[in-house]
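Trainee: show me the folded form of this:
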Amino acid sequence: MLVLGRKPGEFVLIDNNIMVKVVKSDKGHLRLAIEAPNHISIVRGELWKENNITLGTAKKVEV
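Mentor: Next up is the predicted model:
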């Protein structure tokens, strides 16, 4: 896992086609903008976890 510090307006690029940009950072709250090709699914962590627990396919993910 890579942990980075970014300021609003800064971004990271993953595999030259996924951009994760910090839109706003304020008092422990963070807003991200994610741009990715349409064939790549983007799911919030809590929804992914809920869905996989329901299906019985959840794997332990270190965060």
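
Trainee: how much space separates the most far-flung residue of the chain relative to its centre from K49?
Mentor: Taking Cα atoms, centre = their mean, the residue of the chain most remote from its mean C-alpha position is G56, at 22.5 Å. Distance, G56 to K49, by Cβ to Cβ, to the nearest Å: 13 Å. Placement of C-beta: from N, CA and C, glycine included.

Trainee: same check on N17?
Mentor: 26 Å.

Trainee: more crowded one of the two?
Mentor: Set N17 next to K49 and count neighbours by other Cβ atoms under 10 Å: K49 wins out with 13 against 10.

Trainee: what about the nearest residue to F11 once chain neighbours are set aside, which SS state?
Mentor: Counting by Cβ to Cβ, 6 or more residues apart in numbering, F11 lies nearest to K21, which is 3.8 Å off, once chain neighbours are set aside. Three-state call for K21 (DSSP: H, G, I helix; E, B strand; the rest coil): strand.

Trainee: wait, K21 sits on A33?
Mentor: Yes - K21 is within contact range of A33, at 4.6 Å (criterion: Cβ atoms under 8 Å).

Trainee: report the buried residues of stretch 14-28.
Mentor: V20, K21, V22, S25 (16 or more other Cβ atoms under 10 Å).

Trainee: and the nearest residue to the third one once chain neighbours are set aside, how far is that from I14?
Mentor: Nearest-residue entry for V22: R6, 4.6 Å, with adjacent residues in sequence omitted and distances by Cβ to Cβ, 6+ apart. Look at R6 and I14: by Cβ to Cβ, they are 13 Å apart.

Trainee: what are the bridge partners for I34, then?
Mentor: Taking DSSP bridges as the rule, I34 bridges to V20.

Trainee: for the chain, which spans come out with low pLDDT?
Mentor: 58-63 (pLDDT under 70).

Trainee: for the chain, which segments count as helices?
Mentor: 45-55 (DSSP state H).

Trainee: one step back: just the buried residues of stretch 14-28 now: which is nearest S41?
Mentor: S41 lies nearest to V20 out of the buried residues of stretch 14-28, by Cβ to Cβ, at 14.8 Å.
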